[in-house]
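Q: Sequence and predicted model, in that order:
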Amino acid sequence: MIKSFRTALLLLLGMGMGLSQYSVAQDLVSLRGHAAPDEASKVPPQKQWQKDGEPFARDYVQQPPLIPHKIKGYKINVKFNKCLTCHSWANYREAGATKISQTHFEDRDKNVLANISARRYFCTQCHVPQVNAKPLVENTFKPVEAISGK
Ligand code: HEC
Ligand code: HEC
């Protein structure tokens with residue numbers, strides 16, 4: 001008896017949580033809009049990639065710096081990495097780019113390698129270019145004093 005009462009209570013709770021999640025989902029519109037999964041959705045307007053510019057200030061100490069330039073057509077695959085043609089230690093001077101930092105040469109056991117570590121090879125896993133997009137939700141995050149000086 002107690003067991004089934006608890007189950008019923010849990011079920012009710014679960015339904016409540018499900019419902020509240022549903023109302024949040026109603027406010028947030030996905031790129032597909034509210035189209036049903038089997039309906040064709042409207043093509044979303046294309047975002048504009050920012051023009052090449054100065055590096056962005058970082059928001060927190062451990063942040064992978066944002067990419068301050070376009071990366072359209074920059075391939076990264078097993079054989080070739082376009083980013084490294086400018087950002088590797090061999091090429092950064094000629095390209096006038098920032099060289100990848102030493103952390104990019106460490107494997108997950110903290111062994112320091114002679115070349116870029118596999119876990120840092122796919123740059124866009126962590127580094128992202130910017131578009132003229134409005135934030136989906138409000139964000140009041142403020143950088144720490146060590147970065148902002150405030
Ligand atoms: C044609 C050369 C070139 C290529 C290719 C290139 N970059 Fe850059 N990148 C630059 C230059 C130049 C800068 C700006 C350096 C400056 O003004 O201080 C820069 C800046 C950056 C920064 C900002 C560094 C900082 O300290 O804020 C990041 C991150 C970055 N690039 C990532 C990438 C990634 C990821 C790719 C590949 C998808 C890539 N870049 C491809 C030349 C290049
Ligand atoms: C797993 C996440 C990750 C990947 C993958 C990654 N980075 Fe980074 N990168 C970071 C972080 C975090 C920082 C800032 C702290 C640091 O230097 O490690 C950084 C810093 C940098 C900087 C600035 C260095 C400096 O001295 O200010 C450059 C340039 C850069 N990365 C380029 C690249 C390129 C090019 C690739 C691909 C070959 C790449 N990163 C792959 C996380 C990543």
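A: Cool, got the structure. Ligands and ions are numbered 1, 2, ... in the order given.
Q: who's in contact with stretch 56-63?
A: Residues external to stretch 56-63 that are found in contact with it (Cβ atoms under 8 Å, 6 or more residues apart in numbering): Pro65, Leu66, Pro68, Gln130, Phe141, Pro143, Val144, Ala146, Ile147. (C-beta placed from N, C-alpha, C; glycine too.)
Q: One more pass at 6 Å, please.
A: Leu66, Pro68, Pro143 (Cβ atoms under 6 Å, 6 or more residues apart in numbering).
Q: Of these, which are in range of ligand 1?
A: Residues shared between the contacts of stretch 56-63 and the neighbourhood of ligand 1 are Pro68 [Cβ under 6 Å from any ligand atom].
Q: Among the contacts of stretch 56-63, name the ones in helices.
A: Using DSSP state H, no member of the contacts of stretch 56-63 sits in helices.
Q: export the contacts of stretch 56-63 to a markdown table and tack on pLDDT, distance to Tyr60 and neighbour count?
A: Putting the contacts of stretch 56-63 into a markdown table (pLDDT from 0 to 100; distance: Cβ to Cβ, whole Å; neighbours: other Cβ atoms under 10 Å) gives the following:
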| residue | pLDDT | distance to Tyr60 | neighbour count |
| --- | --- | --- | --- |
| Leu66 | 96 | 12 | 15 |
| Pro68 | 97 | 17 | 15 |
| Pro143 | 90 | 6 | 15 |
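Q: what residues go with each domain of the protein?
A: Following automatic domain parsing, the chain resolves into domains at 1-29, 48-133+142-150.
Q: Deepest-packed of those, please.
A: domain 48-133+142-150 (a mean of 12; mean count of other Cβ atoms under 10 Å).
Q: Look up how far Gln130 lies from the closest residue to Pro55 other than its chain neighbours.
A: Leaving aside its chain neighbours, Pro55 sits nearest to Pro68 (5.1 Å; criterion: Cβ to Cβ, 6 or more residues apart in numbering). Look at Pro68 and Gln130: by Cβ to Cβ, to the nearest Å, they are 8 Å apart.
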